[in-house]
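K.L.:
model this:
(4 chains)
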4 protein chains.
Amino acid sequence: MLRTDNFKSILDRYKFIFFDAFGVLKNYNGLVPGVEQTFAYMESQGKEYYIVTNDASRSPVALAESFHRVGLHAISHDRIISSGMLAKEYIDLKVNDGIVAYLGTLNSAHYIDSSGLHTLPVSAINNSNIDLVNALVLLDDEGFNWFDDLNKAVNILRKRTIPAIVANTDHTYPLTGNNEVSIAIGGIASMIESIVGKRFIRFGKPDSQMFMFAYDLIRDRMPVSKKEILMVGDTLHTDIMGGNKFGLDTMLVLSGNTLPDDAETRIKSTGIVPTYICNTAVIE
Amino acid sequence: MLRTDNFKSILDRYKFIFFDAFGVLKNYNGLVPGVEQTFAYMESQGKEYYIVTNDASRSPVALAESFHRVGLHAISHDRIISSGMLAKEYIDLKVNDGIVAYLGTLNSAHYIDSSGLHTLPVSAINNSNIDLVNALVLLDDEGFNWFDDLNKAVNILRKRTIPAIVANTDHTYPLTGNNEVSIAIGGIASMIESIVGKRFIRFGKPDSQMFMFAYDLIRDRMPVSKKEILMVGDTLHTDIMGGNKFGLDTMLVLSGNTLPDDAETRIKSTGIVPTYICNTAVIE
Amino acid sequence: MLRTDNFKSILDRYKFIFFDAFGVLKNYNGLVPGVEQTFAYMESQGKEYYIVTNDASRSPVALAESFHRVGLHAISHDRIISSGMLAKEYIDLKVNDGIVAYLGTLNSAHYIDSSGLHTLPVSAINNSNIDLVNALVLLDDEGFNWFDDLNKAVNILRKRTIPAIVANTDHTYPLTGNNEVSIAIGGIASMIESIVGKRFIRFGKPDSQMFMFAYDLIRDRMPVSKKEILMVGDTLHTDIMGGNKFGLDTMLVLSGNTLPDDAETRIKSTGIVPTYICNTAVIE
Amino acid sequence: MLRTDNFKSILDRYKFIFFDAFGVLKNYNGLVPGVEQTFAYMESQGKEYYIVTNDASRSPVALAESFHRVGLHAISHDRIISSGMLAKEYIDLKVNDGIVAYLGTLNSAHYIDSSGLHTLPVSAINNSNIDLVNALVLLDDEGFNWFDDLNKAVNILRKRTIPAIVANTDHTYPLTGNNEVSIAIGGIASMIESIVGKRFIRFGKPDSQMFMFAYDLIRDRMPVSKKEILMVGDTLHTDIMGGNKFGLDTMLVLSGNTLPDDAETRIKSTGIVPTYICNTAVIE
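P.N.:
Below you'll find the predicted structure:
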């Protein structure tokens, strides 16, 4: 039987809490029941939070609204760090002109839109404009025809020596409560990367840039030490691996990807060790 | 400038010739011009041939007909060894009952059909029959909806501990003369294998089983030494790698995947060294 | 609790039995107690056996003697198929002259010696003879200085475009009863392959060539169907994977690499499914 | 013929320059001739530099001294960011007590020493102290017996569920002017990681943390935009990949790992595109 820690007593030791979103705060049924009290408690204690999420499907404003819709009104868009934000920053800094071709929904593309660049779906690339394509961005697994557009993406990368950016490193995401999953754009990206033999630029946990982004937002306002921050997540190889590597204490919760029966085996087999294990991010 | 050997003078040294099909005998335009004279010459000299091809899209009979249609009438179906034949043999030997779910066209599925088994497309698997699925076979990249059925295949393999068979190890195939490619079922298979974390069973070059199958067909009729056999192919990591490993002399032809300008660099960078290099499998 | 099958009742169904050696017939303590009775029973019933082993450390004659020394006198050298035999056949067929450089013991090198070739340890290669090196063979993890000779092997492969042959695909082998392992030459090979970026030629289970070699030895003497053969091994990804792929029924025994507590989890997580599971290859 | 840019005219566009060390500022012969004038020019123009290097063999102070010894006196230790610094920070933050076992030289270990922790070479770990080992750090490829201590490291990680930290991600480093290389600790780390099946924590380019460390040192003193920084390196998949991903403009120099004849092919085959290409980091 896995020994778990008491969430509240751990929470009390830290000033800043970084949360993963899916599997921690919400799941396919909506909000994790009781998690709104965690946010009320944090506010009452002067603790601050950031949401650090591998999600490039829409803007932080839209992501915040998705929390509000399911009843977590405490979430403010300026406390959400998404892998899409890093992809957007990359494009702003490094792609100066021409076309940014993308795989994903219209929503995901709107977010990375930038002045001076044309953002076009891969399906709209053809012989007349392929020479203007200066980047390929993989944003979301929906919004395009897989057969047509994955094949097209492969051929764009064979013809053009341009950066390919993956805005979400996850290989799958949970689909329903039935233990089913859906292939995420990160899994598709690995297939295309292996087929074209080129190195893609990936944004998302466990990469340190995600954590650095949140850390910097705190530092802009007040002094902070990494010892004061706790990362809470449900996935060992993204949330816990990334938090550990960045030097944070980490908490694995068992409300998402890692099931109570598997946690111990998975920690041992991966060597990814959280500082704490709790059932949920809910104060009981 | 790459030094190439004279095809006819090499051919004269061997009694048995194994040919890859695509890129050697035919391409997207039809027959490689002049290749029918190679077969006439071999017949006049009492040389024997086998076609050793990574193809699970249809039966050897149908594959032979596809040669006849483009004008190569010399090809007999009993001289064709396809990766589909190995997949079919595996299913015949190892899957005793229940459903064989497949990704591919109806043609590809007909070929592996076997008495006592139901062959059903992945799209026809649901909660009422998933417990009867005893194997998943990946046959062809066409004939199904990628988004729906690749996601379904992942979830079938998460629920059922069954063998997954890949009947074609190629990751891409040439699409047109425009240097474009299409993602092959072998590339899709690698993505799904990595996502579900299970080991798939792969049939196709460079695996020795392909060559052994042809070698056995000769041995059933007459004594043969591996020294008497030449493998002719256009792809280093399947045709040449596989032929070398099986102990055969190998010839790289430059009429398909490996371009004259790239051949030397690729041989050096992969360490896969053909015994000979010829422009084409055509007697000049 | 894992349900296991009765070894004798399974044995009775097959005419030919292929055995892995280490973890099935012997381990670090010597013979698996009682396994000699299995061989006596097989002889009394007219069943035939072959030992199919990933071992390139010495000749089949020397391997047979190692069984005799620990008390299994029934083993005849002509019933042993080792990955070293395949490496030797490759060199005989494909390397015509010059130097074969090797990593391994003197014993392992003696076995692959062939007329017309100089077999030299990697440590003996220098500027005066490197241009004569026509193959590099990785035979054993002992018999050389890792720091000096692994670095030298990397540089030989950077300078010479030659085949690199790995005569044992195992990444580790059990060292003592204390659950400790030793890095095998197959693990070292993967590191060097990745560093030089070239494709190595590997001999050993799960590759079909190992099984084909044994199968052919039977066919040379009598008719045989794959349905009459059982492969018995302790390792899922070599013995069971290889046997399955070759079309044989397979038995996992729990006396070696796969522990009784792990068997079910590992079968599920790898998708490699043995036909049977028995505690040992011993008739109880 | 590869078109290269003029180093000085590029330098003039940026306020901050990040340099890789080996292959850019020095090589096996000592200083890259003329590079001291680059530093004199930068000082005269009020430009600032940082050295961002995958090196965990010693402290920044010792690294600075190694520049002084070969004649580059301008280098100050507080301008050197090494992957060893990140490993040290990780240990300081995340390993609270017990033993830190290491592979590397005494020098490399001294640097990561921290109060409250015992730093012991892997060779000194035995049954009496293995339960106290709370981290394994891979620092350098020298200073230990590869056969004994790599095998021991594998068994430590099989017995203890602890973080394994790799303080240098390079797989090889150039050995002499003769185009020879030496296997680096990052290459060894990949072999051990694959053998034990656990996830290691890696510090070094192309990871963003290296760049963030230097970026933060600037920000602590003055405002800075990523647009004002140029990363100069000789290796595509570390220096250029990492600089690009962090959002910096990047310059490939041809004085080290990437040879003038290979640069174009490698950029095309990897898809890693520098903003500029210059022969050397020397003002001509």
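K.L.:
what about the closest residue to A:Ile229 other than its chain neighbours, neighbour count?
P.N.:
For A:Ile229, ignoring the flanking residues on the chain, the nearest one in space by Cβ to Cβ, 6 or more residues apart in numbering or on different chains is A:Phe16 at 4.5 Å. No exception for glycine: its C-beta is placed from N, CA and C like everyone else's. Counted by other Cβ atoms under 10 Å in any protein chain shown, the residues lying close to A:Phe16 total 21.
K.L.:
for A:Ser208, same thing?
P.N.:
When neighbours are defined as other Cβ under 10 Å, A:Ser208 has 22 of them.
K.L.:
same thing with A:Gly98?
P.N.:
Using other Cβ under 10 Å, A:Gly98 is surrounded by 16 other residues.
K.L.:
With the one 10 residues further on instead?
P.N.:
Other residues within reach of A:Ser108, judged by other Cβ under 10 Å, total 28.
K.L.:
how close does it get to D:Ile81?
P.N.:
Distance, A:Ser108 to D:Ile81, by Cβ to Cβ, to the nearest Å: 34 Å.
K.L.:
and what of A:Ser194?
P.N.:
Distance, A:Ser194 to D:Ile81, using Cβ to Cβ: 32 Å.
K.L.:
Comparing those two, which residue is more hemmed in?
P.N.:
A count of neighbours by other Cβ under 10 Å puts D:Ile81 above the other of A:Ser194 and D:Ile81, at 25 against 14.
K.L.:
Tell me the bridge partners for the more buried one.
P.N.:
D:Val52 (DSSP bridges).
K.L.:
is it true that it touches D:Tyr49?
P.N.:
No. D:Ile81 lies out of contact with D:Tyr49 (Cβ atoms under 8 Å); the separation is 11.1 Å.
K.L.:
ok, which residues in the stretch 1-150 of chain A are in contact with chain B?
P.N.:
Within the stretch 1-150 of chain A, the positions near chain B by Cβ under 8 Å from any Cβ of the partner chain are A:145-147, A:150.
K.L.:
try 10 Å
P.N.:
A:127, A:141-142, A:144-150 (Cβ under 10 Å from any Cβ of the partner chain).
K.L.:
Make CSV from the residues you listed and add distance to A:Leu252, pLDDT and neighbour count to it.
P.N.:
Shown next, in CSV, are these (distance: Cβ to Cβ, whole Å; pLDDT from 0 to 100; neighbours: other Cβ atoms under 10 Å in any protein chain shown):
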residue, distance to A:Leu252, pLDDT, neighbour count
A:Asn127, 50, 94, 8
A:Asp141, 26, 97, 25
A:Glu142, 29, 96, 15
A:Phe144, 34, 98, 21
A:Asn145, 38, 98, 14
A:Trp146, 33, 98, 21
A:Phe147, 38, 98, 17
A:Asp148, 40, 97, 12
A:Asp149, 36, 98, 20
A:Leu150, 34, 98, 24
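K.L.:
Mind jotting down where the strands sit in the stretch 151-284 of chain A?
P.N.:
Counting by DSSP state E, counting those that start in this stretch, the stretch 151-284 of chain A has strands at residues A:164-166, A:172-174, A:181-183, A:201-202, A:229-233, A:249-253, A:276-278.
K.L.:
Can you redo these as CSV, where the extra columns are mean neighbour count?
P.N.:
Formatted as CSV, those follow (neighbours: other Cβ atoms under 10 Å in any protein chain shown):
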stretch, mean neighbour count
strand A:164-166, 25
strand A:172-174, 19
strand A:181-183, 21
strand A:201-202, 22
strand A:229-233, 27
strand A:249-253, 27
strand A:276-278, 21
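K.L.:
And chain A, what are its domain boundaries?
P.N.:
As given by automatic domain parsing, the domain ranges for chain A are A:7-54+A:206-278, A:85-202.
K.L.:
For the shortest one, measure first residue to last.
P.N.:
I take that to be domain A:85-202. 12 Å (Cα to Cα, to the nearest Å).
K.L.:
same question, the first one
P.N.:
Counting by Cα to Cα, you get 6 Å between the two ends of domain A:7-54+A:206-278.
K.L.:
and A:Ala40, how many neighbours does it have?
P.N.:
With other Cβ under 10 Å as criterion, A:Ala40 counts 11.
K.L.:
which secondary structure element contains it?
P.N.:
helix A:35-44 (DSSP states H and E).
K.L.:
Does anything pack onto that helix? Which helices or strands?
P.N.:
Applying 3 or more Cβ pairs under 10 Å, 6 or more residues apart in numbering or on different chains; DSSP states H and E, we find helix A:35-44 packed against helix A:7-11, strand A:16-19, strand A:48-53, helix A:60-69.
K.L.:
what about that helix, average pLDDT?
P.N.:
Helix A:35-44 comes out with an average pLDDT of 97.
K.L.:
could you dump that helix to CSV, C-alpha only?
P.N.:
The C-alpha coordinates for helix A:35-44 follow below in CSV (Å, rounded to 0.1, in the frame of the first residue of the first chain):
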residue,chain,number,x,y,z
VAL,A,35,-10.1,21.9,-5.9
GLU,A,36,-11.7,25.4,-5.7
GLN,A,37,-11.2,25.2,-1.9
THR,A,38,-7.5,24.8,-2.5
PHE,A,39,-7.4,28.1,-4.3
ALA,A,40,-9.5,29.8,-1.7
TYR,A,41,-7.1,28.5,1.0
MET,A,42,-4.1,29.7,-0.9
GLU,A,43,-5.5,33.1,-1.3
SER,A,44,-6.4,33.3,2.4
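K.L.:
And the contacts of that helix?
P.N.:
A:7-8, A:11-12, A:14-17, A:19, A:24-26, A:32, A:47-49, A:67, A:70-75, A:232, A:255, A:280-284 (Cβ atoms under 10 Å, 6 or more residues apart in numbering or on different chains).
K.L.:
Could you give me the buried positions within that helix?
P.N.:
Buried residues in helix A:35-44, defined by neighbour count with 16 or more other Cβ atoms under 10 Å in any protein chain shown: A:35-36, A:38-39, A:42.
K.L.:
Likewise for stretch A:8-20?
P.N.:
For stretch A:8-20, by 16+ other Cβ under 10 Å, it's A:10-11, A:14-20.
K.L.:
For A:Thr119, give me its contacts.
P.N.:
A:Thr119 makes contact with A:91, A:99-102, A:106, A:108-113, A:135, A:137 under the criterion Cβ under 10 Å, 6+ apart.
K.L.:
make it 7 Å
P.N.:
The contact partners of A:Thr119, by Cβ atoms under 7 Å, 6 or more residues apart in numbering or on different chains, come to A:100, A:102, A:109, A:112-113.
K.L.:
Also A:Asp170?
P.N.:
Contacts here follow Cβ under 7 Å, 6+ apart; on that basis A:Asp170 touches A:54, A:184, A:186.
K.L.:
Need the pLDDT of the nearest residue to A:Thr172 once chain neighbours are set aside.
P.N.:
Nearest residue to A:Thr172 in three dimensions, chain neighbours excluded: A:Val181, at 4.1 Å (Cβ to Cβ, 6+ apart). Looking at A:Val181, its pLDDT is 91.
K.L.:
Same question for A:Phe16.
P.N.:
According to the predicted model, the pLDDT of A:Phe16 comes to 98.
K.L.:
repeat for A:Gly177
P.N.:
66.
K.L.:
now swap in the one 10 residues further on and tell me
P.N.:
In the prediction, the pLDDT value recorded for A:Gly187 is 97.
K.L.:
for the worst-scoring helix or strand of chain A on mean pLDDT, the distance to its chain's centre please.
P.N.:
Ranked by mean pLDDT, DSSP states H and E, the helix or strand of chain A with the weakest confidence is strand A:172-174, at a mean of 88. Relative to its chain's centre, strand A:172-174 lies at 12 Å (Cα atoms, centre = their mean, to the nearest Å).
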